[in-house]
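Enquirer: Make a model of this:
(chains A and B)
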Amino acid sequence: MTPPRASARAAPTARALVWAGTLALPRGAVRARYRREHHAELAALCAREQIRYAAGVLCTAPALSRAVAPRFARPVGGHPVKHRLVVLAVALAVALGVAAVVAGGADDSPGLQLLGVLLAVGALVGGRRIVRRTG
Amino acid sequence: MVAGPRMTMPTQAVLRALLADPGAELYGSEVGGAAGLMSGTVHPILARLEAAGWVASRWEDVDPTVVGRPARRYYRITATGAEQARSALARVRRPQPRRLAARPLPGPS
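Expert: Sure thing, here's the model as predicted:
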């Protein structure tokens, strides 16, 4: 069996996940560096591995953010940038949930609709808890 | 004195991968593969090691149109980093003294 070929270009889904995963980094050179670095590494992977890689980037986004900018990570009295990021992440998750509900309705897939509802509600509840706890 | 990075298990794995050939330059996925870590998860560790001065990085000097892919970011362990990493790994590898006195002695059967 031949191994899957690298695509030499990142798939849109993987690029979107990397984009979201680097949102927590300080704007400017640092964020641009890591996006460029991740895109270069995605290009060496096949499509399935790209998704795994990008999911890993998304999961470790808070750790990378703390590593590159520790002075921004735990400010005294909360941080408005963190709150904006939480709101952005919640908005993205809700949009994804709504899209899943719509797609599930069109495709006659109640499971997908249920997942969409759970994602949207979970994001709203989780986001509210994070903002209240750190605010 | 600046404290070194936290020696978590993934950090130890990354350091061992970089120390396997201290002169070699590896990009993130290669480091992850050599360390046995999940793809895309080594960058926070590399960033901490870079901030501590144990690792240096640079952009690959290639023309993307010629090689047909974007330039990668390569990492290598510094001389100071290699020395400190070895001693840090030796410290975490050292076995803890066993508390024999705390263990109850077996009674007569």
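Enquirer: Three-state assignment for the closest residue to chain A within chain B, please.
Expert: For chain B, the residue positioned closest to chain A under C-beta to the nearest C-beta is residue B:40, at a distance of 2.8 Å. For the C-beta atoms, the positions are set from N, CA and C on the backbone; glycine is no exception. Judged by DSSP: H, G, I helix; E, B strand; the rest coil, the three-state class of residue B:40 is coil.
Enquirer: count of residues packed around the closest residue to it other than its chain neighbours?
Expert: Leaving aside its chain neighbours, residue B:40 sits nearest to residue A:56 (2.8 Å; criterion: C-beta to C-beta, 6 or more residues apart in numbering or on different chains). By the measure other C-beta atoms under 10 Å in any protein chain shown, the count of residues near residue A:56 is 21.
Enquirer: where's the closest residue to residue A:69 other than its chain neighbours relative to residue A:85, distance?
Expert: Distance criterion C-beta to C-beta, 6+ apart; nearest residue to residue A:69, sequence neighbours excluded, is residue A:26 at 4.9 Å. To residue A:85, residue A:26 is 12 Å away according to C-beta to C-beta, to the nearest Å.
Enquirer: okay, these two: which has more neighbours?
Expert: Ranked by neighbour count (other C-beta under 10 Å), residue A:26 and residue A:85 place residue A:85 first, with 17 against 13.
Enquirer: Tell me the buried residues in the strand or helix carrying the more buried one?
Expert: Using DSSP states H and E, residue A:85 sits in helix A:80-106. The neighbour-count check on helix A:80-106 (16 or more other C-beta atoms under 10 Å in any protein chain shown) flags A:82, A:85-86, A:89-90, A:93-94, A:97, A:100-101, A:104 as buried.
Enquirer: before we move on, what about stretch A:39-46?
Expert: Using 16+ other C-beta under 10 Å as the burial criterion, the residues of stretch A:39-46 that qualify are A:39-45.
Enquirer: Now stretch B:66-77: buried residues?
Expert: Taking 16+ other C-beta under 10 Å as the basis for neighbour counts, the residues of stretch B:66-77 that come out buried are B:69-77.
Enquirer: just stretch B:8-18 next, same as before
Expert: For stretch B:8-18, the buried set under the neighbour-count rule, 16+ other C-beta under 10 Å, comprises B:10-15, B:17-18.
Enquirer: starting at the chain centroid, how far to that stretch?
Expert: Offset of stretch B:8-18 from its chain centre (C-alpha atoms, centre = their mean, to the nearest Å): 3 Å.
Enquirer: Over to stretch A:21-29?
Expert: Centre-to-centre, stretch A:21-29 and its host chain are 12 Å apart (C-alpha atoms, centre = their mean).
Enquirer: ok so, going back, drop everything from the buried residues of stretch B:8-18 that is not in helices and list the rest.
Expert: Cross-referencing the buried residues of stretch B:8-18 against helices under DSSP state H gives B:10-15, B:17-18.
Enquirer: Which of the three states applies to the residue nearest to residue B:40?
Expert: Taken by three-state DSSP, the conformation at residue A:56 corresponds to helix.
Enquirer: and chain B, which of the buried residues of stretch A:39-46 reach it?
Expert: A:39-41, A:43-45 (C-beta under 8 Å from any C-beta of the partner chain).
Enquirer: If we only consider the residues you listed, which is nearest to residue A:15?
Expert: Top of the list for closeness to residue A:15, among these and by C-beta to C-beta, is residue A:39 at 6.8 Å.
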